[in-house]
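S.K.: My questions are about this predicted structure, shown below with the sequence.
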Number of protein chains: 2
Amino acid sequence: MAQGGPNTSSGENLLFLTDEQLRKGIEAMFFAYRGFTADPDRILEEYGYGRAHHRALHFINRSHGTTVNNLLTTLGVTKQSLNRVLRGLIEDGLVEARVGRTDRRERNLFLTEKGQELERKLAEAQRVRMRAAYRAAGPQAVAGFRQVLEAMMDDDIRQTYHSLKDGR
Amino acid sequence: MAQGGPNTSSGENLLFLTDEQLRKGIEAMFFAYRGFTADPDRILEEYGYGRAHHRALHFINRSHGTTVNNLLTTLGVTKQSLNRVLRGLIEDGLVEARVGRTDRRERNLFLTEKGQELERKLAEAQRVRMRAAYRAAGPQAVAGFRQVLEAMMDDDIRQTYHSLKDGR
DNA sequence: TTGGAATGTCAACAAGGCTGACATAACATT
DNA sequence: AATGTTATGTCAGCCTTGTTGACATTCCAA
């Protein structure tokens, strides 16, 4: 589909984008996101957690010792909303909040052994599907997939995404 | 599709997929979906509607005269959940529910002029971002994007997606 | 000492999922 | 004609996860 094709006469790589084609892309995003979250959701249900808990676990694991404020901006929710989720995870012993060394107002967040266990389980379930999709589509498709997703992000979110890109 | 690349020495098209690469893809999906819904969300807020209303409007527009049951399975929610949303849209005169001709138990759903107006507004906002992302990434990337998304769907959802593919 | 930043907490609310139960109406079958 | 099934709507209640607003505490920094 769409490799240059009959509609590119100039050097500019102009895409021939009908509303119909865009609509297909929109629907694909909608349906694919459902698949994307389906497997973790099933696991979370067993534990009595929701998607918000998964996201918290993911980004705490991603950035050991991150602060609440950091997590807030990454997740794009209010502190009250995050706090409720975090409180549950701390009470259940999946997350530990240590008082900051340099700034003692801050809380540095860490996963406990138990927290790492659940995170691994969720991540692996999600990776299995992702891996299958990548394999089915092939390496070129994967590169394109990532390019389009990145271009779809809000500018400030893309910053966040890149700052996470190479871990820390 | 997917002609090898540097990592394929065998006939099998083996991708070199590290957990790190998969994680980047997972995070890209998360952040991109936020961008994907951001523009319509802002419009919906002005009208006092939510994302659920957008989805209903989209698929009713997509398939004029579809039944409640059809919409239910497409959206993947319960009838109670959909009914609440639908009731609001009907009361506000955006959606019309006509008694079925052949089977009078069914309700065929249509957008009114007013409903089409909002749908167009939402769709155009979403298309603007999609179009920009497609342009930025290029036609090959777009093809890959769609391939990976499709591979990520649940099998039964992929059926639904395809049945919608060529219009009604 | 005082201002402001970071965090936590309480309360209230809303959207939008869910389940269960029940009511109609209409079609289908016996 | 009676019965069963299907499509839909509706009521009630519950959950998660988002929101705002208000206020307390802690503690860094000027």
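M.R.: Yep, that arrived. Numbers count the residues shown, from 1 in each chain, chains lettered A, B, ... in the order given.
S.K.: quick check, the lowest-mean-pLDDT helix or strand in chain A touching DNA strand D?
M.R.: Lowest mean confidence among the helices and strands of chain A (mean pLDDT, DSSP states H and E): helix A:155-165, at a mean of 87. No. Counting by C-beta under 7 Å from any atom of the strand, DNA strand D is not contacted by helix A:155-165; separation bottoms out at 13.8 Å. Placement of C-beta: from N, CA and C, glycine included.
S.K.: And the contacts of that helix?
M.R.: Helix A:155-165 is contacted by residues A:62-63, A:73-74, A:76, A:150, A:153, B:24, B:27-28, B:31, B:34-35 when judged by C-beta atoms under 8 Å, 6 or more residues apart in numbering or on different chains.
S.K.: Try it again at 6 Å.
M.R.: Outside helix A:155-165, the residues that touch it by C-beta atoms under 6 Å, 6 or more residues apart in numbering or on different chains are A:74, B:31.
S.K.: would residue A:96 count as being in a helix?
M.R.: No. Going by DSSP: H, G, I helix; E, B strand; the rest coil, the assignment for residue A:96 is strand, not a helix.
S.K.: Quick check: bridge partners of it?
M.R.: Under the criterion DSSP bridges, residue A:96 forms beta bridges with residue A:110.
S.K.: Report how many residues lie close to it.
M.R.: 15 (other C-beta atoms under 10 Å in any protein chain shown).
S.K.: how far away is it from residue A:112?
M.R.: As judged by C-beta to C-beta, to the nearest Å, residue A:96 and residue A:112 stand 6 Å apart.
S.K.: Which parts of chain A are helices?
M.R.: A:19-47, A:51-62, A:68-75, A:79-91, A:113-137, A:139-152, A:155-165 (DSSP state H).
S.K.: where in chain A is pLDDT low?
M.R.: Chain A contains residues with pLDDT under 70 at A:1-15, A:165-168.
S.K.: mind pulling up the phi and psi values for the closest residue to DNA strand D within it?
M.R.: Closest contact between chain A and DNA strand D, by C-beta to the nearest atom of the strand, is at residue A:50 (1.5 Å). In terms of degrees, to the nearest 10, the main-chain angles of residue A:50 are phi -120, psi -170.
S.K.: one step back: what's the most buried one of the helices of chain A?
M.R.: helix A:139-152 (a mean of 23; mean count of other C-beta atoms under 10 Å in any protein chain shown).
S.K.: tell me the centre residue of chain A?
M.R.: In chain A, the centroid-proximal residue (C-alpha atoms, centre = their mean) is residue A:55; its distance is 7.3 Å.
S.K.: Now for it: which residues touch it?
M.R.: Contacts of residue A:55 by C-beta under 6 Å, 6+ apart are residue A:75.
S.K.: same thing but 10 Å
M.R.: A:40, A:71, A:74-77, A:82, A:85, B:30 (C-beta atoms under 10 Å, 6 or more residues apart in numbering or on different chains).
S.K.: So which of those would count as near DNA strand D as well?
M.R.: A:76-77, A:82, A:85.
S.K.: Same list, these, but as a markdown table with distance to DNA strand C please.
M.R.: Listed next are these as a markdown table, based on distance: C-beta to the nearest atom of the strand, whole Å:
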| residue | distance to DNA strand C |
| --- | --- |
| A:76 | 15 |
| A:77 | 12 |
| A:82 | 8 |
| A:85 | 11 |
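S.K.: between those, which is nearest chain B?
M.R.: Nearest to chain B among those, counting by C-beta to the nearest C-beta, is residue A:76 at 6.4 Å.
S.K.: Quick check: phi and psi on that closest one?
M.R.: According to degrees, to the nearest 10, residue A:76 has phi 70, psi 40.
S.K.: Provide a list of residues in contact with whichever residue of chain A sits closest to DNA strand C.
M.R.: Proximity of chain A to DNA strand C (C-beta to the nearest atom of the strand) peaks at residue A:69, 2.9 Å away. Contact analysis of residue A:69 by C-beta under 10 Å, 6+ apart lists A:79, A:82, A:106-107.
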